[in-house]
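Visitor: Okay, here's the prediction I keep looking at, along with the sequence it came from:
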Amino acid sequence: MTYENSYEEVAKMLNQWYTDIKRHNIPQAVAMKDQILHTYPVIEDHQDLLLYFSLLDFRHSLMVQEFPESDRVYQLINKNKGDIKQTDSMIQYYYLFFSGMYEFHKKNYMDAINYYKLAEDKLRLIQDEIESAEFNYKLAIAYYQIDQHFFSLSYAKKAFESFNATEDYIEKTINSEMVLAANKLDLHRYDEAENHYKNALDRAKTHGFRYTESLAYFNLGISYDRRNVLPEAIDCFLKAINIPEHNQSIFCIRSMYMLSRSFYKLERMDEARHWHTQAVSRAKEEGEIEYLAKLNLIHALYDIGDSISIENALDYLSSKDLWSDVAELTLDIAMYYKHHDDFEKAAVYFEKAHQAKDQILIQTEVLS
């Protein structure tokens, strides 16, 4: 094998690694990374390969939820921003796209969208259908997180259609359908959302995608929760947690939080406290400040009546522009006080819910 052939072979291996990552094929991606590490002397001798490797290594660490490692690699990449600007459109695109993913992981959703929109200009020069689908999928999720449902639906539909056109991306097709469902749920199109989630659940089971199956159960639980059908919601959250791939992931915190909240609403205090304790432990372990704030809020509201802790939690969520969460939680608080005949406090939190919804509209105007 000549030196040039070595370069070409390593480039092909890097491309295959990224394909495995996009397909969320963790065993193959891990095996490919191991193979690539044996070619590191070739990578070190070529700046473009080194940058490409570093970017994919960062993306890989996000996929396998090695978040301290992703932070370390991303900081190293940022030290080479000047070199990235001198490379081709593909490397520049990956840098901007993955930077958006990094900010999304940090829950800086507006910053994530800004990076994605910069990446979109470079993506036009690449002309790769699956890469475009991956981009549309990530942008759809980011817009969903800040309650921009019509933007999110548009990008999710594009992603779904592209992934659905090939048998190689069935899991991504399922995930795209769940983003469509999430938006429709927030737009109160409940039957459509539930049908999407049930279809996603059936397809995930059929193809043996256990983690995606767990997400379908979780999201179906959210749809029941929104309709206040809490026993069915609890059943779905428990089914999600009982899938090992979900239980071992950082996203299990969301299911534990929703279980605690659902049990609190049903005044089943022992079960609520059990899941609250479990969720707090995992959130501290993973550094999930957002969920610690939410957990502190529901504990303060339903269990100990601590108004200061409620306000502190809402202040944090507001500071992160999580207005959808603020709107939902302040409405819960208002309904709780109304149920307990404290109409003065109820009125305060109904107004806060209204103000949070105003902030969502302001974000829409900024992004339009």
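Guide: Received it, and whenever you're ready, just let me know what you need.
Visitor: With just CA atoms, put stretch 64-76 into CSV.
Guide: Once non-C-alpha atoms are left out, stretch 64-76 reads as follows in CSV (Å, rounded to 0.1, in the frame of the first residue of the first chain):
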residue,chain,number,x,y,z
VAL,A,64,-22.3,7.2,23.0
GLN,A,65,-23.0,9.8,25.7
GLU,A,66,-19.4,10.3,26.8
PHE,A,67,-20.0,13.9,27.6
PRO,A,68,-16.8,14.8,29.5
GLU,A,69,-14.9,13.4,26.5
SER,A,70,-17.0,15.4,24.0
ASP,A,71,-16.2,18.6,26.0
ARG,A,72,-12.5,17.8,25.9
VAL,A,73,-12.5,17.1,22.1
TYR,A,74,-14.6,20.1,21.3
GLN,A,75,-12.2,22.5,23.2
LEU,A,76,-9.3,21.0,21.2
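Visitor: Going forward, the N-terminal residue is numbered 489.
Guide: Done: numbering now begins at 489, and the last item shifts to stretch 552-564.
Visitor: what helix or strand is Ser743 on?
Guide: Taking DSSP states H and E as the definition, one finds Ser743 inside helix 740-753.
Visitor: Show me what the mean pLDDT comes to for that helix.
Guide: Per-residue pLDDT values across helix 740-753 average out to 97.
Visitor: Okay, now the unreliable bits of the stretch 639-788 of the chain?
Guide: In the predicted model of the stretch 639-788 of the chain, no residue satisfies pLDDT under 70.
Visitor: Show me the helices in it, by range?
Guide: Applying DSSP state H, counting those that start in this stretch to the stretch 639-788 of the chain gives helices spanning 658-674, 678-695, 698-714, 718-729, 732-735, 740-753, 757-774, 777-787.
Visitor: Tabulate the ones you listed (TSV), appending distance to Ser542.
Guide: For the C-beta atoms, the positions are set from N, CA and C on the backbone; glycine is no exception. Compiled in TSV, the helices of the stretch 639-788 of the chain are given as follows (distance: least, CB to CB, whole Å):
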stretch	distance to Ser542
helix 658-674	24
helix 678-695	32
helix 698-714	26
helix 718-729	34
helix 732-735	28
helix 740-753	29
helix 757-774	24
helix 777-787	27
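Visitor: what sits up against the longest helix anywhere in the chain?
Guide: Scanning the chain for the longest helix, with DSSP state H as the assignment, gives helix 831-855. Applying CB atoms under 8 Å, 6 or more residues apart in numbering, the external contacts of helix 831-855 come out as 598, 601, 631, 634-636, 639, 802, 806, 809, 811-812, 814-815, 818-819, 821-823, 825-826.
Visitor: quick one: average confidence on the helix or strand hosting Ile618?
Guide: Ile618 is part of helix 617-633, with elements assigned from DSSP H and E. Helix 617-633 comes out with an average pLDDT of 95.
Visitor: So what touches it?
Guide: 510, 585, 588-589, 592, 597, 600-601, 604, 607-608, 611, 637, 639-644, 646-647, 650-651, 653-654, 657, 660, 663-664, 667, 670-671, 674, 810, 812, 855.
Visitor: can you rerun that using 6 Å?
Guide: Here helix 617-633 makes contact (CB atoms under 6 Å, 6 or more residues apart in numbering) with 510, 592, 597, 600-601, 604, 611, 639-640, 643-644, 646-647, 650-651, 664, 667, 670.
Visitor: same deal with stretch 809-826?
Guide: Residues from elsewhere that reach stretch 809-826 (CB under 6 Å, 6+ apart): 635, 789, 805-806, 833-834, 837-838, 840-841, 844-845, 847-848.
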